[in-house]
Structure formats: C-alpha cells, structure tokens
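S.K.: the following comprises the amino acid sequence and a computationally predicted model.
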Amino acid sequence: MRRVLALLSVVGALAVATPAHAGTTCVLNSARGGIQRVIYIQFDNTHFRRDNPNVPSDLEQIPSLLNFMKGKGALLTNDHTVIIAHTASGILSSLTGVYGDRMGVPVSNSFRYFKPDGTSSTGVSFAYWTDSIFDPANPTGDPAKQTDLTPNMLTADGKNAPAPFAAFTRAGCDVGLVATANLVLENTGPDVPKVFGVNSPEAQEAAANPAKAQADFVGIAVHCAQSSDVCAAAQGGRPDLLPDEPNGYAGFMGLFGHKYVAPVISPGGPLKDLNGYVIQDTASPSNVGFPGFDGMQPWVSLAYVAAMQESGIPVTYAYISDAHDNHLAGGITKAFGPGEAGYVAQLQAYDAAFQKFFDRLAKAGINETNTLFVITVDEGDHFVGSPPSPSSCDGVRVACTYSKVGEINANLPGLLVTQLGSNPLFGNFSVHSDSAPTIYIKGNPGPTHPDTRLLAKSLSKLTAVNPISGATDTLALGLADPVGMRLLHMITADPARTPSLVMFGDPNYFFFAGAANCSQPCVALPSPAGSVFAWNHGDYTNEIATTWLGMVGPGVRKGGVDSTTWSDHTDVRPTILALLGLQDLYAHDGRVLVEVLQNWATPPAANKEIFTRLAKVYKQINAPFGELSVNALKVSTAALKSADANDATYTRLTGQIAAWTSQRDGIASEMRAMLNSAAFDNVAINHRSASFLIDQATDLLKEVERAAKLLK
C-alpha cells in the first residue's frame, strides 16, 4: 500500500477502436523490428512466492496473468527490490534504472530532511518529477515556508533527474501514465498551480475543492511527442517542462489529469472500468475521475491502459494497487491474511480483470506479436498475524481465518527509556516511521558524535515480547550510519536528507517515535484487531527483498519461469530500451537482461559470454541486495553495536566499510561503463579488461564475506 501522509490533495466499449491519435513518427525497435507498443504494469506488493505454503500465492490465484507470462514470455522470480524496500523507491528505481543515490529517493514512502536549526521535517517521496521536496507542512509548496528546495528527483550531481518518458517522446511516441509514481501530478497543492498557472481555473478549483481537483488533475497524464496532436492546447495541453533534462527539452506538451485525458481516450462518453462502471473517486463518488492511488485495482488501472492503447498512445505505464488490502468494499477497510475468504475473492476479481484486459487488447489487434509487455512489482513484504485456523487451510477449498492481524506498533523512545533508563537523547530524535525506521537526531550530529554512537548502541539492545507469538524478539536486525548507507546507495546529493541512522528492524514491528514515558504500551497490536496495516516491508529480509519480473513480446525468449537469473529493479529500464533500440542520456546502474532475450534481439556487442559473466559479478558487488551489501551490513551492524574502549572496533570496522565502498565504486564504475557501452553504443567488451575487473570484484566479495563470518 502507498503508506503516505495525507496528500493535499462494460468492459468499456469492446468494439475495436481506431487509433484516432496514432503518432506518425513513433519508431520503436527500429533496428530489429517487431515492437509497435509498450505496456508496462507495476503491482504494489503482489507475490509470486507463497506466504503460507498451503495457500496458493497471489500470482497463482491470478492465472490469466501468470499463464500469460509463463506461456508467452519469461518470468524471472529471483528479481530484487532496492533499499529501502518501499513503493516509491521500488517503482522509481524500475523507471529510471538507477539506485536511490542517483535519483534522490532511497528512503520512502516518506522521509525526513534536516533544517538549518537542526530539527527535521517530513518529505513525501511522491511528488511530481520536477517538484522540490513535498513537505505536508507546506502543502502549497511556498518557497518561503521550506528550507530544502532541492528537487525531489535528484541526480548525484544535484540536478533534477532525467525523466523516463523523454527517451520515448524524443522518438516520436506519446506516453500514457496511469498512477505511475512521480510522472503524474501527485498533489493538488503545489502541482496544479505549477502546471496550469497560479491564476488558472484549475488552480482556483484546487484551492476551492481539493477533492474534485484530485479527481480532475492528479494521477493520470500523457506526455506527448512534438509531432503529436494529443496534447494540443485546445485539448487542455500544457507545456511539458523539464528544465534540467540533458540536451534540453523544449517544445513538448503534456495532458495532466483525467479531466483532459479522458476525452482523448474515451471520446464517446465517460471512461468506464473493465466492469462497465464509470471511473470515479471512491471517497467522493460525485467526482467522476481519478479514484485515488489506493483505488487503482486492475479493473480500473487496466481500463485506462486499454483505452490509451486503443486511442493510439503506444507507450503506457500503469500502477496497480496491492491485492492483500480489502478494496472490494470501497476504499481500504482492513488487511487480509493469506487465504482469507475476502483475499481469495479479491484475487479472483483481479484474475477476471486481467482476462478481460487481454481479451480486449486482442480484439484491438494488440498482443504479444507486436507489443512488449513488462509486468513487475515494487517489493515483497511480510505478513504480521497469528497462525491461520484451521492450520491446514488452503484458502481455495477451506478458508483461513486469523485471530490477530496487524503489524506490531513499537514506540522507540518509550522502549529505550523503559529498558535502558531515562536519557535526554532518547527524546531528542525524530523517526521516519517504518519497519526499517530512519532516525534523525536533533542537531544533525555526525556518525562519530557521542549522541549518534550512544543511540546506535542503545537501539541494538532493544527487545520486545511479541504479543502474537509470546517470544522475546531482538528488534534491531541491522544497523547502518552514513558510512554504511553510502555502500547501500542511500546517500544522495542533498546532505539534509541523510539520516543519522537506519535500523532494519524485525519485520513484525512498525516503529515510531512516541512519548518517552510510554503512557500507552510501548509495544501493542492495533486496536481493533482488524488492522489496515499487516504487511510490512522496508527491511533487509529475503521475503521483502525478493520480487518478480515478467516480460512478453517480440525479442523475449519463451522461457517460462526463470528462478536462476539474479536481477533487480534497475535492470528493467536498460532491458526495455535495448529491446526498443532507444537510449537514455545517462548510464544505468542496471544491466540488460540478455538471459531473457532472443539472440536476434540482443544488442550485438552484448551477445557474448563475457557480458553475462561481467553482469553477474557486477550486480553482486553493486546491488543493495547483492552479496557485498548483505555482508557489509553485517559488518556495519557489528560496528554500531560495539562498545569497547575508545570505540576501537567501530573505528576499525567503519574504516573497512569506507575502504570497501571506495573500492567497489571504482570497480563498479568501470563495469557499468562496459555494460552500458556494449548494450547501447555497440562497443565490444574487452575480454582481458573485463576478466581483470571480474577477478578484482570476486576478491572483494570474498574479503567482505570473510570479514562478516569472523563477526559471528
């Protein structure tokens, strides 16, 4: 689920639609042919793996989608998310092909930033691409009321990150976005006046009726090619401004919001979902339009996609809300446990929607012979609840029930005081509430400051009696300060966003900064028992880290399930562009997944054994969930827990981590350049140079692994 602070904010005509606005200059896959369209779909928290071994997984209960990916393409099940594992960072790394340190959002779905006085304020990760940090305390984006105005989407050199749609629009292709993170307007307060003008009718509506403005202008967009008439001013088009885009971005237009997109893709009347109902805001049913980011079930989201594709918008990106929250009752009323009757019914509805979607596309001549389908998920997550009853339930024949459902809320200051005694420091920090909380100590002391060291050591000692299992749990499973965060790609070009500490907690717990006196229990289940939040993510565990990626279309091997190829979100972008014959104006952290490509579709210089060897080792030294990072976090945790004289162990271990990071960065930079040049510039990889880098990387992996083992 998009856990965000409040943001101010009949199968639809089945007849084959004539592409009324098909771009005449859109050229995809120009070098090899075959791909005319791209359909990209990213789920929120939908699993290939089983959360209960007896209960079919989410994808097993959506067979229309699962069989499509397995039977007509490739399904990679050893895919991974990034740090921190949340919706925003998961989606944004997939869209850009780079980690959070190079696109600005390593901590999500919200974060904090330090102000000059040493206190911190909240930033929300979901903000339109060119926005500065969105602070809910400054909902209109008034520069005079905010101390950090750096772009939310931030490159390593401090500029606004390149927008993912630019590679397509420059190729003459219109791009339709359905609730796709940060490529659509996200908040009515700053975004509507910024795009439409401060004195525009749209801005006046946003001020007078924010709910209607959200339905009208937020969540849906089309970014147009220069040759397209879709985004003409007469149809509500506005200049599509990307002031920091490499090589400039002048003369492009965009449509922003359901109010302006719907007439283009549904000229015959109101846009309907795949079940035949007019799409409207579920919270305010009188507002026809965007139903909110938590209202993007597949029958809604895919209806937008189908209508866009039928109307000649050849590239579409869409977000689908999670399947384990109860959406069928209107809004989100509770979280389901695996195999609960409502969960199973909802997945059946998801399955029916995908079948209608594929049938509708087929009638319009849109299928795997001419379209590249990319389907993935933002992150995995962990269910927090009691064992099911009956224990043998499978959800399909015998429904599961749960006596307790809901993440365990844990008050960090209260736990510290209760277990370690009163200390002014324990009430002197703020927290980005999460299962993997980032912590911001007032005054922004450095990593070696006594307050930072004391808090890290104190956090490592915390325990709690689990109110579900009765076991005593160690709460901090991993710890990192800025030294370790740099290795994990968590340090951006904006120093104000760098937390003092990050604690990767026990995934059963959700940590927050409550009162230090614990007048309420320090650790408690939500009340009532049926919680909206029961699926935790953010932590550094396999079930949260491991995701899946499906690809179908021209150039993709029909390989069924691939559980061997190690990949992560940053590999999605370069693989898509390599298939399309397009290129970004920056190097990706990801690499082209040649393992899933047909030989004829593989970039010629990348169709070599050395490319795969290099890519595999590159991911293990550079990815946040690669071998090097996993072992380095163990060393970081030991360093921060240490309490010997003069902090000798901390100094020694963090020195090692810094040296490893420097060495890793040098090796990874050369590998990244080789992989990107082979994929996009047709530069063959030098075997000798690549082998030397592979040997260096392998030695580094072994060194870090040995260091981690010695700490046990």
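M.R.: Structure received.
S.K.: and this structure, what are its domains?
M.R.: Using automatic domain parsing, the domain parsing of the chain gives 37-102+166-383, 408-525, 608-710.
S.K.: how long is the second one from one end to the other?
M.R.: End-to-end distance of domain 408-525: 5 Å, with CA to CA, to the nearest Å as the criterion.
S.K.: quick one on the thing from earlier: got the domains of the chain as CSV, with distance to G560 columns?
M.R.: (Glycine included, C-beta is placed from N, CA and C.) Shown next, in CSV, are the domains of the chain (distance: least, CB to CB, whole Å):
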stretch, distance to G560
domain 37-102+166-383, 5
domain 408-525, 30
domain 608-710, 19
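S.K.: buried deepest among those domains, which one?
M.R.: domain 37-102+166-383 (a mean of 22; mean count of other CB atoms under 10 Å).
S.K.: now find how far off-centre that domain is within its chain.
M.R.: With CA atoms, centre = their mean, to the nearest Å as the basis, domain 37-102+166-383 stands 13 Å off its chain's centre.
S.K.: same deal with stretch 395-403?
M.R.: Offset of stretch 395-403 from its chain centre (CA atoms, centre = their mean): 30 Å.
S.K.: give the buried residues for it.
M.R.: Within stretch 395-403, the residues that count as buried by 16 or more other CB atoms under 10 Å are G395, A399, C400, Y402.
S.K.: ok, and what's touching that stretch?
M.R.: Outside stretch 395-403, the residues within contact range by CB atoms under 8 Å, 6 or more residues apart in numbering are 52, 54-56, 61, 337-341, 343-344, 385-390, 392-394, 529.
S.K.: show me where the stretch 201-350 of the chain has its helices.
M.R.: Secondary structure of the stretch 201-350 of the chain by DSSP state H, counting those that start in this stretch: the helices cover 201-208, 210-217, 258-265, 298-310, 341-363.
S.K.: closest one to A179 among these?
M.R.: Evaluated with CB to CB, the helices of the stretch 201-350 of the chain place helix 298-310 nearest to A179, the distance being 6.5 Å.
S.K.: just checking, what packs against that closest one?
M.R.: strand 37-43, strand 175-178, helix 258-265, strand 315-320, helix 341-363 (3 or more CB pairs under 8 Å, 6 or more residues apart in numbering; DSSP states H and E).
S.K.: circling back: okay if I get the buried residues of stretch 395-403 as JSON lines plus pLDDT?
M.R.: Formatted as JSON lines, the buried residues of stretch 395-403 follow (pLDDT from 0 to 100):
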{"residue": "G395", "pLDDT": "96"}
{"residue": "A399", "pLDDT": "97"}
{"residue": "C400", "pLDDT": "97"}
{"residue": "Y402", "pLDDT": "94"}
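S.K.: filter those down to the ones in strands?
M.R.: Taking DSSP state E, every one of those sits outside strands.
S.K.: closest one to H258 out of the residues you listed, please.
M.R.: G395 (35.3 Å).
S.K.: phi, psi for that closest one please.
M.R.: Dihedral angles of G395 (phi, psi; degrees, to the nearest 10) stand at phi 80, psi -30.
S.K.: and it, how close does it get to D131?
M.R.: G395 is 42 Å from D131, where distance means CB to CB, to the nearest Å.
S.K.: hang on, the earlier thing: redo the domains of the chain as a markdown table? Include mean pLDDT.
M.R.: Listed next are the domains of the chain as a markdown table, based on pLDDT from 0 to 100:
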| stretch | mean pLDDT |
| --- | --- |
| domain 37-102+166-383 | 95 |
| domain 408-525 | 96 |
| domain 608-710 | 97 |
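S.K.: circling back to that earlier point, with distance to T498 added, can I get the helices and strands packed on helix 298-310 in JSON lines?
M.R.: Listed next are the helices and strands packed on helix 298-310 as JSON lines, based on distance: least, CB to CB, whole Å:
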{"stretch": "strand 37-43", "distance to T498": "28"}
{"stretch": "strand 175-178", "distance to T498": "30"}
{"stretch": "helix 258-265", "distance to T498": "37"}
{"stretch": "strand 315-320", "distance to T498": "28"}
{"stretch": "helix 341-363", "distance to T498": "39"}
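S.K.: I'd like the buried residues of stretch 395-403 as a markdown table, with distance to V278 appended.
M.R.: Shown next, in a markdown table, are the buried residues of stretch 395-403 (distance: CB to CB, whole Å):
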| residue | distance to V278 |
| --- | --- |
| G395 | 32 |
| A399 | 33 |
| C400 | 35 |
| Y402 | 35 |
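S.K.: still on that earlier bit, the helices of the stretch 201-350 of the chain: which one's closest to T96?
M.R.: Closest approach to T96 among the helices of the stretch 201-350 of the chain (CB to CB): helix 298-310, 20.9 Å.
S.K.: quick one, the closest one and helix 258-265 angle?
M.R.: 50 degrees (axes from the mean of the first three to the mean of the last three CA atoms, to 10 degrees).
S.K.: the closest residue to P574 other than its chain neighbours: neighbour count?
M.R.: Take P574 and drop its neighbours on the chain: the residue closest to it by CB to CB, 6 or more residues apart in numbering is H588, 4.5 Å away. Residues lying near H588 (other CB atoms under 10 Å) number 24.
S.K.: tell me the secondary structure for H588?
M.R.: coil (DSSP: H, G, I helix; E, B strand; the rest coil).
S.K.: residues contacting it?
M.R.: Residues counted as contacts of H588 (CB under 8 Å, 6+ apart) are T96, G97, V98, T570, R573, P574, R672, N676.
S.K.: I'd assumed T570 was in contact with the second one.
M.R.: In this case it means G97. Yes - contact criterion CB atoms under 8 Å: G97 and T570 qualify, at 5.0 Å.
S.K.: hang on, the earlier thing: out of the helices and strands packed on helix 298-310, nearest to D644?
M.R.: Ranking those by their distance to D644 (criterion: CB to CB) puts strand 37-43 first, at 46.1 Å.
S.K.: got the angle for the closest one vs strand 315-320?
M.R.: In terms of direction (the same axes, to 10 degrees), strand 37-43 departs from strand 315-320 by 20 degrees.
S.K.: could you name the helices and strands sitting against strand 37-43?
M.R.: With contacts taken as 3+ CB pairs under 8 Å, 6+ apart, strand 37-43 sits against helix 298-310, strand 315-320, strand 371-377, helix 572-580.
S.K.: same list (those) but as a markdown table, adding distance to N423.
M.R.: As requested, these are exported to a markdown table (distance: least, CB to CB, whole Å):
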| stretch | distance to N423 |
| --- | --- |
| helix 298-310 | 49 |
| strand 315-320 | 43 |
| strand 371-377 | 41 |
| helix 572-580 | 45 |
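S.K.: ok, which of these comes nearest N152?
M.R.: Evaluated over those, closeness to N152 peaks at strand 315-320, with 17.6 Å, by CB to CB.
S.K.: CA atoms only for that closest one, dumped as CSV, please.
M.R.: Only the C-alpha atoms of strand 315-320 are listed here, as CSV (Å, rounded to 0.1, in the frame of the first residue of the first chain):
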residue,chain,number,x,y,z
VAL,A,315,3.6,3.5,-24.7
THR,A,316,1.7,3.1,-21.4
TYR,A,317,2.9,2.8,-17.8
ALA,A,318,0.4,1.8,-15.0
TYR,A,319,0.3,1.1,-11.3
ILE,A,320,-2.0,-1.5,-9.7
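S.K.: angle of that strand against strand 371-377?
M.R.: Using the same axes, to 10 degrees, strand 315-320 lies at 30 degrees relative to strand 371-377.
S.K.: strands paired with strand 315-320, and their directions?
M.R.: Next to strand 315-320 in the sheet, as set by DSSP bridges, lie strand 37-43 (parallel), strand 175-178 (parallel).
S.K.: who touches the helix or strand just after the longest one?
M.R.: Tracing the chain C-terminally past strand 37-43 and defining elements by DSSP states H and E, one meets helix 63-72 next. Contacts of helix 63-72 with the rest of the structure, by CB under 8 Å, 6+ apart, involve 59-60, 75, 350-352, 354-355, 358, 368, 373, 375, 550-552, 558, 560-561.
S.K.: stretch 663-674 too?
M.R.: Stretch 663-674 is contacted from outside by 487, 587-589, 614, 617-618, 621-622, 628, 685-686, 689-690, 693, 696-697, 700, using CB under 8 Å, 6+ apart.
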